[in-house]
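Engineer: sequence and predicted structure are below.
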Amino acid sequence: MPRLIERLTQHQVNAISKPGLHADGGGLYLQVTPSGTKSWALLYSMLGKSYQAGLGSTDLFNLREARERARAGQQQIRDGVNPIASRRAQLATAKLEAAQQIRWRPAVEKYIETNSKPWSENYRHGFRAAFERHTYLILGRLDVDAITQEAALRCFKELWDSRPPTAAKLLRDCRKVWDWLRKCGYKVGPTDPFDIKHRLGDTGHRTKHREAMHYRLVPTYLQKLRMLDDIEARAAEMLILCACRPIEAIRAKIADIDLEGRVWAIDAEDYKTGRKTGQGIRIPLSARALEIVRQRVEAGGEWLFPKAGRALADDALLRLLRSIGEASATAHGFRSSFADWCGDAGVPGELRELSLGHTIGDATQQAYLRSDLLERRRPIMEAWSTHCSGRLKADNVVVLDAEARKDATSLDETQVRPDTAETA
């Protein structure tokens, strides 16, 4: 009686050259193509349908190994599992895992590519440079899910001890990247490897606030600025009169100015708080600020304060301060000068914060705040401009008159929100 299984021998497998299927038994076949290529196949039926599953080349698997693979397939069939469907699912899973696997350096680049649209070119360059300089050497070639807290500690320890603020900022950015990868479905570890601040220790470093000029000295400084006939001086004067951030004055665009409404509207992308909230801010222009703006708008172009057709350099205003002998003050510090003046002039805290472009209250409070109180901020900015021009009152403080104070303090239920437009 002929054998029904294990009909072939290894010698026969090597010798057979006739194209077709040659049965070994148990559903295992030697498949020979017209070109002479040989491979193994498992033929089976499930639910009335016939299938042929490849089991690999004879160059990879000998007869004994092919029988083992065929028996494994038959076991799946007896368990109600289709071997071909099972293999396709395994391949799909492997492809998904491969797509989810990413190394640290490409991961950072993907984060920058996806999230950097609202960033300035200088910020984008600095963000990438920090990662390149301080993380790529140790972490750059590691899969993200293979990064451990120990690896992160080796990466940050020296920087943490020598430059704590830089290390702290970079650590926050690393955590942002890791969390973004997790939300995007990339393969990351079960815990954030950059949650290591508690393990780095206290360096003794304390935050040093920017140097600010006392508001009583601002009029004298402004007189020096007005003696200079250059674009940096006008940008610096605008910075002081509007109590804005240096980068906002430097990147101001003519298209953002509404001369008729006497308003400077800063887009969310160009505004620090706006990049978080997605909403811009409106700044009421005093008479002197409007005069500066009119001169610049008449000059034309894209930028309000251009230099050789481009926006001013980020450090242009700081260098201007140094050039006229104000070595200790910073351009950003004029915001503190304005805040201090507001305190002594009796400006309500909410309007002061609005004028500085700060977010008022927590998320719940902000949900109910609908107006930026633009018109109520006008007398404040005009009074600040009056002070800065040297027309001083009440012991060098311009105190708001009764009508302006009443207007500034009459806050009703349409409370304040620094980054939304006042409804018409």
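Structural biologist: That came through fine.
Engineer: every contact and neighbour count from this point should use C-alpha atoms.
Structural biologist: Fine.
Engineer: in the chain, which helix is the longest?
Structural biologist: Ranked by residue count and defined by DSSP state H, the top helix of the chain is helix 164-183.
Engineer: what does that one contact?
Structural biologist: 107-108, 111, 130-131, 156, 159-160, 187-188, 192, 194-195, 203, 205 (C-alpha atoms under 8 Å, 6 or more residues apart in numbering).
Engineer: over to stretch 90-99?
Structural biologist: Contacts for stretch 90-99 (C-alpha under 8 Å, 6+ apart): 186-187.
Engineer: again, only this time at 7 Å
Structural biologist: Where contact means C-alpha atoms under 7 Å, 6 or more residues apart in numbering, no residue beyond stretch 90-99 reaches it.
Engineer: CA atoms of it as PDB?
Structural biologist: Extracted C-alpha coordinates of stretch 90-99, given in PDB (Å, rounded to 0.1, in the frame of the first residue of the first chain):
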ATOM      1  CA  GLN A  90       1.300  39.300  11.400                       C
ATOM      2  CA  LEU A  91       2.800  41.200   8.400                       C
ATOM      3  CA  ALA A  92       0.400  44.100   9.000                       C
ATOM      4  CA  THR A  93       1.300  44.200  12.700                       C
ATOM      5  CA  ALA A  94       5.000  44.200  11.800                       C
ATOM      6  CA  LYS A  95       4.600  47.000   9.300                       C
ATOM      7  CA  LEU A  96       2.600  49.100  11.900                       C
ATOM      8  CA  GLU A  97       5.200  48.500  14.500                       C
ATOM      9  CA  ALA A  98       7.900  49.500  12.100                       C
ATOM     10  CA  ALA A  99       6.000  52.700  11.200                       C
END
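Engineer: give the helix, strand or coil label for residue 105.
Structural biologist: Of the three states, residue 105 takes helix under DSSP: H, G, I helix; E, B strand; the rest coil.
Engineer: can you get me a residue count around the residue lying closest to it once chain neighbours are set aside?
Structural biologist: Spatial nearest neighbour of residue 105, chain neighbours left out: residue 140 (4.6 Å); criterion: C-alpha to C-alpha, 6 or more residues apart in numbering. As a burial measure, residue 140 scores 19 neighbours (other C-alpha atoms under 10 Å).
Engineer: contacting residues around residue 140?
Structural biologist: 103-105.
Engineer: any weak-confidence spans in the stretch 1-150 of the chain?
Structural biologist: The stretch 1-150 of the chain contains residues with pLDDT under 70 at 1-4, 98-99.
Engineer: what segments of it are strands?
Structural biologist: Secondary structure of the stretch 1-150 of the chain (DSSP state E, counting those that start in this stretch): strands at 20-25, 28-32, 38-46, 49-57.
Engineer: mind listing what the shortest one pairs with, with the direction of each?
Structural biologist: Here strand 28-32 is paired, per DSSP bridges, with strand 20-25 (antiparallel), strand 38-46 (antiparallel).
Engineer: wait, which of those strands is closest to residue 124?
Structural biologist: strand 38-46 (54.8 Å; C-alpha to C-alpha).
Engineer: what's in contact with the closest one?
Structural biologist: Counting by C-alpha under 7 Å, 6+ apart, 27-32, 50-58, 66, 70 sit against strand 38-46.
Engineer: pull out the buried members of these.
Structural biologist: For the contacts of strand 38-46, a burial check counting by 16 or more other C-alpha atoms under 10 Å picks out 27-32, 53-55, 57-58, 66, 70.
Engineer: okay if I get those residues as TSV plus distance to residue 261?
Structural biologist: Shown next, in TSV, are these (distance: C-alpha to C-alpha, whole Å):
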residue	distance to residue 261
27	85
28	85
29	86
30	86
31	84
32	85
53	76
54	76
55	78
57	79
58	83
66	83
70	82
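Engineer: what two of those have the greatest distance between them?
Structural biologist: Greatest spatial distance among the buried ones among the contacts of strand 38-46 (C-alpha to C-alpha): 32 and 70, at 17.4 Å.
Engineer: SS state for residue 294?
Structural biologist: Residue 294 ends up helix, using three-state DSSP.
Engineer: quick check: it vs residue 254, distance?
Structural biologist: 10 Å (C-alpha to C-alpha, to the nearest Å).
Engineer: of those two, which one has the most company?
Structural biologist: residue 254 (20 against 15).
Engineer: so where's the stretch 151-300 of the chain uncertain?
Structural biologist: 203-211, 268-279.
Engineer: okay, now the domains of the protein?
Structural biologist: 10-99, 104-200, 215-409 (automatic domain parsing).
Engineer: off-centre distance for the helix or strand hosting residue 353?
Structural biologist: Assigned by DSSP states H and E, residue 353 falls within helix 349-355. Distance, stretch centre to chain centre, for helix 349-355: 28 Å (C-alpha atoms, centre = their mean, to the nearest Å).
Engineer: just send the strands of the stretch 1-150 of the chain back as a markdown table, with distance to residue 346 too.
Structural biologist: Putting those into a markdown table (distance: least, C-alpha to C-alpha, whole Å) gives the following:
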| stretch | distance to residue 346 |
| --- | --- |
| strand 20-25 | 97 |
| strand 28-32 | 93 |
| strand 38-46 | 86 |
| strand 49-57 | 84 |
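Engineer: list the contacts of the closest residue to residue 43 other than its chain neighbours.
Structural biologist: Nearest non-adjacent residue to residue 43, counting by C-alpha to C-alpha, 6+ apart: residue 52, 4.6 Å away. If you count contacts by C-alpha under 7 Å, 6+ apart, residue 52 has them with 41-44.
Engineer: give me the buried subset of those residues.
Structural biologist: Using 16+ other C-alpha under 10 Å as the burial test, those include 41-44 as buried.
Engineer: counting neighbours, which of the contacts of residue 140 comes out on top?
Structural biologist: residue 104 leads these on contacts (other C-alpha under 10 Å) with 23 neighbours.
Engineer: that residue and residue 201, how far apart?
Structural biologist: Taken as C-alpha to C-alpha, the span from residue 104 to residue 201 is 25 Å.
Engineer: quick check: pLDDT value at residue 418.
Structural biologist: Looking at residue 418, its pLDDT stands at 33.
Engineer: ok, residue 212 to residue 155 distance?
Structural biologist: With the distance defined as C-alpha to C-alpha, residue 212 ends up 35 Å from residue 155.
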